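> Sharing a model that was predicted from the sequence below.
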Amino acid sequence: MTKQYWDMARPTNTDERRDQILDGLQQVMAARGFERASVAAIAKAVGLAPGLVHYHFASKEEVLVALVARLVERFRRRYAERLDAARDDWARLDAFIDAVAALGPDADPAAAACWAQIGAEAQRLPSVAAPYREALAGARAELAESVRAVCATSGRPDHDAELVATGLLATLEGAFHLSQAAPGVVPPGEAAGLVRRMARGVLA
């Protein structure tokens with residue numbers, strides 16, 4: 001019974017191959033952008049034949065949609081790990097900010113570069129816009145909940161929690177875009193500290 005359970009839990013060859021293809025898109029997209037991430041380039045980046053990409057995904061756009069889902073899932077994992085160590089409401093808010101900025105050993109510059117581009121692709125591709133907007137809506141809701149908790153602790157009214165959450169999220173998203181469009185304007189690791197200070201300035 002135990003052996004059967006672990007056999008079922010092990011990723012299939014299809015899952016592993018699809019994950020490889022997502023790795024390929026992330027690598028190429030981070031270096032060249034989505035427009036220049038051809039199927040051939042995606043396959044070459046991870047040592048696969050282009051035909052395997054076509055076998056597992058109907059189009060390059062479909063690979064991008066799957067990459068959005070994977071990036072969101074990895075953020076959730078980072079957040080959950082940091083949340084476990086949070087001891088108060090401020091620490092919970094900081095955990096979210098740090099998870100978005102991916103500070104520490106789980107930092108992934110290629111993923112950050114891709115996320116900045118995904119925002120642009122969401123403006124022209126409806127299939128990308130839907131999961132991107134859903135991810136941002138979920139992030140804003142989680143931030144608003146943390147803001148309300150901080151307000152409750154400090155005895156501050158929380159009627160503007162949604163607005164504060166939107167401002168913090170917009171700053172984090174903007175930092176992603178600035179880091180790609182104007183490297184050096186927001187040095188690596190600076191965004192998280194900036195947003196923490198903003199949060200304390202607004203909520204203290």
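Yep, it's here. Numbers count the residues shown, from 1 in each chain.

> So which elements touch the helix ranked longest in the chain?
Criterion DSSP state H: the longest helix present in the chain is helix 126-154. Applying 3 or more Cβ pairs under 8 Å, 6 or more residues apart in numbering; DSSP states H and E, one finds that helix 126-154 contacts helix 60-85, helix 89-101, helix 109-122, helix 161-181, helix 190-203. From N, CA and C alone the C-beta is placed, and that goes for glycine too.

> what comes up buried for the third one?
Applying a neighbour-count criterion of 16 or more other Cβ atoms under 10 Å, one finds 111-119, 121-122 buried in helix 109-122.

> cool, and the second one?
Of the residues in helix 89-101, those buried by neighbour count under the rule 16+ other Cβ under 10 Å are 89-90, 92-101.

> Just the angle for it relative to helix 161-181, thanks.
When axes from the mean of the first three to the mean of the last three Cα atoms, to 10 degrees is applied, the directions of helix 89-101 and helix 161-181 differ by 30 degrees.

> Touching, residue 78 and residue 108? I think so.
No - Residue 78 lies out of contact with residue 108 (Cβ atoms under 8 Å); the separation is 9.3 Å.

> For these two, work out which one has more neighbours and name it.
The neighbour comparison of residue 78 against residue 108 (other Cβ atoms under 10 Å) goes to residue 78, with 22 against 15.

> quick one, what contacts that one?
Residues near residue 78 by Cβ atoms under 8 Å, 6 or more residues apart in numbering: 99, 102, 106.

> Lowest-confidence entry in those residues?
In terms of pLDDT, residue 102 ranks lowest among these, with 70.

> what's the closest non-adjacent residue to that residue?
Leaving aside its chain neighbours, residue 102 sits nearest to residue 108 (5.7 Å; criterion: Cβ to Cβ, 6 or more residues apart in numbering).

> ok, now residue 104?
In space, and not counting its chain neighbours, residue 104 is closest to residue 98: 7.5 Å by Cβ to Cβ, 6+ apart.
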